[in-house]
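# pasting the structure only:
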């Protein structure tokens, strides 16, 4: 057996793995345990910031909206001062 | 650019040379599953767990060298993935890249804390007559395992992702958060060290 074959044999050996049969059930049970109250109803409201974070265009839109609202507020304040 | 895929993902369509379309279909399907989970269908996450349980557990075991707790750590990886699923952006990366990044970070943290278990001692043989070549083979495998765990963590993770998970270098660069050239050199150095060890032990076997 040459070195290359030995190396490949070792790699095959390390690639073998058996995950226990109940693993997905364990994971899902833990998820349910930790996040039960948060599911379904939370998705619409609580996940909104997450959704915005995940989308660059949404982030840009929020920033632009914030800047515009700030400008409007400044103009309104200036208007109020000048009229007084 | 060569793409390599996990054994568990490769269906007949992929084997017959339609790997690109298979990967695109897989990505679309995974994005769809993620969207459904974010919309409140938490049970859909099970499909992702079933698909990635083996690769994630294997990656953790090979990086940490810990056969005993790799499943517990994999469970933590999936829980973290579920919690942070809203930050996954399908336009930026594949789901597998994102998941392996979490797995990589957790296994690196674990590897820094723990002493590897599977290389502690070669398997003890209780039988009286064990063929010499089997003993030599076991010693050889243990020696290479030890060499793998002696690699610096950045080289080890890159090597594990390339050689055991068969990820393309571009994807590994994303997971590691480094340039493509850095990944190539890390894998090459890791391979050289292991081949050097192989020659050393191979001459003894």
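Right, received. Where do you want to start? Worth saying up front: this structure is predicted, and the values here are computed from it rather than measured. Numbering: from 1, shown residues only, chains lettered A, B, ... in the order given.
# is any part of stretch A:54-68 close to chain B?
Yes: using CB under 8 Å from any CB of the partner chain, stretch A:54-68 reaches chain B at A:54, A:55, A:56. Every residue, glycine included, has its C-beta placed from N, CA and C.
# For that stretch, give me every contacting residue.
A:51, A:52, A:53, B:86, B:87, B:88, B:89, B:91 (CB atoms under 8 Å, 6 or more residues apart in numbering or on different chains).
# Narrow those to just the buried residues.
With burial judged by 16 or more other CB atoms under 10 Å in any protein chain shown, the buried subset of these is B:86, B:88.
# From the contacts of stretch A:54-68, which land in helices?
Among those, the residues falling in helices (DSSP state H) are A:51, A:52, A:53.
# Tell me how many other residues crowd residue A:76.
As a burial measure, residue A:76 scores 10 neighbours (other CB atoms under 10 Å in any protein chain shown).
# Same question for residue B:58.
Using other CB under 10 Å, residue B:58 has 23 other residues around it.
# Spit out the contact partners of it.
Shown in contact with residue B:58 (CB under 8 Å, 6+ apart): A:15, A:17, B:70, B:164, B:165.
# would you turn the residues you listed into CSV with neighbour count and secondary structure?
Listed next are the contacts of residue B:58 as CSV, based on neighbours: other CB atoms under 10 Å in any protein chain shown; DSSP: H, G, I helix; E, B strand; the rest coil:
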residue, neighbour count, secondary structure
A:15, 16, helix
A:17, 18, coil
B:70, 25, helix
B:164, 20, coil
B:165, 22, coil
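# Name the helix or strand for the residue lying closest to residue A:34 once chain neighbours are set aside, please.
Once flanking residues are discounted, residue A:34 sits nearest to residue B:79: 6.8 Å by CB to CB, 6 or more residues apart in numbering or on different chains. Here residue B:79 sits within helix B:70-83, counting by DSSP states H and E.
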